[in-house]
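In: Got a predicted structure here, sequence first:
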Amino acid sequence: MTNLEARPTVERCAAGGPGAAGVELVEPRLVPLGGVRAMTVRRTLPSRARSLVGPFCFLDHYGPDDVADSGGMDVPPHPHTGLQTVTWLFEGHVRHQDATGAVRTVAPGGLNLMTAGHGVCHSEEGTTALFPDQRRLHGVQLWTALPEAARHGAPAFQHVADLPVVEHDGARVRVVLGTLLGASSAGRTFSPCVAAQLDVPAGAVVDLPVDAGFEHAVLVDAGEVRLDGTVVPPAWLGYRAPGPDRLRLVVGPGGPARLVLVGGAPFTEPVLMWWNFVGRTHDEVVSARAAWQAAIAGDADGLARFGSVPGYPGPALPAPDLPNVRLRPRDRPVPAAGAEPNPLS
């Protein structure tokens, strides 16, 4: 998935310190994916409140989306650098194609994981033209920032058809990345991290053991949920700083809940994000944009870096214009120790 904002902001992503006491809430913002009947996503990372959770630097949450109304997902070929894209679904199907030659459809229960390295391009389609029986799309996509040792490498793609599932305190826990409750995903990662989907019945109390050295966040897809005593509204993110060795999730009596857990060791390398590029400096981002524009014009050097997606039936997505100033990372505020949690709790 791409960031289709016409004027993308520059984001400085860095380990955010200890965070607020207890649970810090991150409000989503609505971002259209483009087109006449634009599919809208709810984005919680990056935000003014928090730019990273472990290596996770981007989190889009979408649906349940009526494909007949929205047209579904149709994201033309676009570039990435310095990151991994992590895609899984609650409902529907999405076909991924990229410049490594990978063509794979992801469905609920599976994972698509693309490592951009120095540069790659891909497209994503979840339309009724491809999937005539598809009625709804519903899922998440995340990016992880690659550490210095991995971000200059060759691109790669991995599809995991069946992610491991564990039952715990009545919850059904699907491990997407990393290790949780003794189960490990086959997805390859480059920083210590974890991602999981939790389907929890109404009225359940789940005490989830976690790595005390990780920071964690819980996205509520549906249901009445309290994280360590704090209400996390649907589509919001509840963040916990490193320290606790377990998270308590309490689901209200009104119905079941679906949650997405992400976490990891605090990412200590500052990164610069602009549009679909994760780098370190202004010059890196400018160089990546120029190479992508050259690639879509057919230039050999640009194609050598990003490649092309010949199977997509349409043109690639051009990069937005750069601002007329040098890109300067914007520092994120770090909540003071002991700060009050969000008043929605």
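Out: Here it is on my side, so go on. Residues are numbered from 1 along each chain as shown.

In: mean confidence score for stretch 196-206?
Out: Averaged across stretch 196-206, pLDDT comes to 98.

In: Can I get that stretch in CSV? Just the C-alpha atoms.
Out: Presented in CSV, the C-alpha positions along stretch 196-206 are these (Å, rounded to 0.1, in the frame of the first residue of the first chain):
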residue,chain,number,x,y,z
ALA,A,196,-0.5,-10.6,16.2
GLN,A,197,-4.3,-10.7,15.7
LEU,A,198,-6.4,-11.4,18.7
ASP,A,199,-10.1,-12.5,18.4
VAL,A,200,-11.6,-12.3,21.9
PRO,A,201,-15.1,-13.3,23.0
ALA,A,202,-17.4,-10.9,24.9
GLY,A,203,-16.7,-10.6,28.6
ALA,A,204,-13.3,-12.2,28.4
VAL,A,205,-10.2,-11.1,30.4
VAL,A,206,-7.0,-11.8,28.7
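
In: Report the buried residues of it.
Out: Residues of stretch 196-206 classed as buried under the neighbour-count rule (16 or more other CB atoms under 10 Å) are 196-200, 204, 206. In this view, the C-beta of every residue, glycine as well, is placed from N, C-alpha and C.

In: Which members of these are positioned in strands?
Out: 196-200, 206 (DSSP state E).

In: want to try JSON lines for the residues you listed, with distance to G82 as columns?
Out: Listed next are those as JSON lines, based on distance: CB to CB, whole Å:
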{"residue": "A196", "distance to G82": "24"}
{"residue": "Q197", "distance to G82": "26"}
{"residue": "L198", "distance to G82": "29"}
{"residue": "D199", "distance to G82": "33"}
{"residue": "V200", "distance to G82": "34"}
{"residue": "V206", "distance to G82": "35"}
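
In: which two in these are spaced the farthest apart?
Out: Pairwise distances across those (CB to CB) peak at 13.0 Å, for the pair Q197 and V206.

In: For the closest residue to R326 other than its chain neighbours, give me phi and psi.
Out: Excluding the flanking residues, the one nearest R326 by CB to CB, 6 or more residues apart in numbering is H282, at 5.3 Å. When read as degrees, to the nearest 10, the backbone of H282 gives phi -50, psi -50.

In: Would you confirm that H282 contacts L322?
Out: No - H282 is beyond contact range of L322, at 9.4 Å (criterion: CB atoms under 8 Å).

In: which residue sits closest to A99, ignoring its sequence neighbours?
Out: G307 (2.7 Å).

In: ok, the one you found - how many residues close by?
Out: Using other CB atoms under 10 Å, G307 has 20 other residues around it.

In: where does S287 fall, phi/psi-wise?
Out: phi -70, psi -40.

In: nope, P256 is what I was after
Out: According to degrees, to the nearest 10, P256 has phi -70, psi 160.

In: Look up how far P244 lies from it.
Out: Taking CB to CB, to the nearest Å as the measure, P256 falls 24 Å from P244.

In: ditto for A290
Out: For A290, the distance to P244 equals 45 Å [CB to CB].

In: same question, G63
Out: 30 Å.

In: again with L52
Out: 18 Å.

In: So those two - more neighbours on which side?
Out: It is L52, of L52 and P244, that has more neighbours when counted by other CB under 10 Å, with 26 against 16.

In: hang on, the more buried one packs against L45?
Out: Yes - with contacts counted by CB under 8 Å, L52 reaches L45, the gap being 7.4 Å.

In: got the contact list for the residue nearest the centre of the chain?
Out: Central residue of the chain (CA atoms, centre = their mean): L142, 1.1 Å from the mean position. Neighbouring residues of L142 by CB atoms under 8 Å, 6 or more residues apart in numbering: 45, 56, 58-60, 85-86, 195, 262.

In: confidence score at G16?
Out: 54.

In: Please renumber the chain so that the first residue is 6 from this point on.
Out: New numbering, starting at 6: the last item is G21.

In: ok, residues contacting whichever strand or helix holds A295?
Out: Using DSSP states H and E, A295 falls within helix 287-301. By CB under 8 Å, 6+ apart, the residues outside helix 287-301 that reach it are 84, 86, 124, 126, 277, 279-280, 282, 284, 306-308, 310-313, 320-321, 323-324, 327, 331-333.

In: so where do the strands sit in the stretch 6-155 of the chain?
Out: Using DSSP state E, counting those that start in this stretch, the strands of the stretch 6-155 of the chain run over 16-18, 29-31, 34-37, 45-50, 61-71, 78-85, 88-96, 99-103, 108-111, 116-120, 125-131, 141-150.

In: For the fourth one, which helices and strands make contact with it?
Out: Read it as strand 45-50. strand 34-37, strand 61-71 (3 or more CB pairs under 8 Å, 6 or more residues apart in numbering; DSSP states H and E).

In: Can you give me the buried ones in that strand?
Out: Here strand 45-50 shows 46-50 as buried, counting by 16+ other CB under 10 Å.

In: Which one of those is nearest to D74?
Out: For the buried residues of strand 45-50, the nearest to D74 is V46 (15.3 Å; CB to CB).
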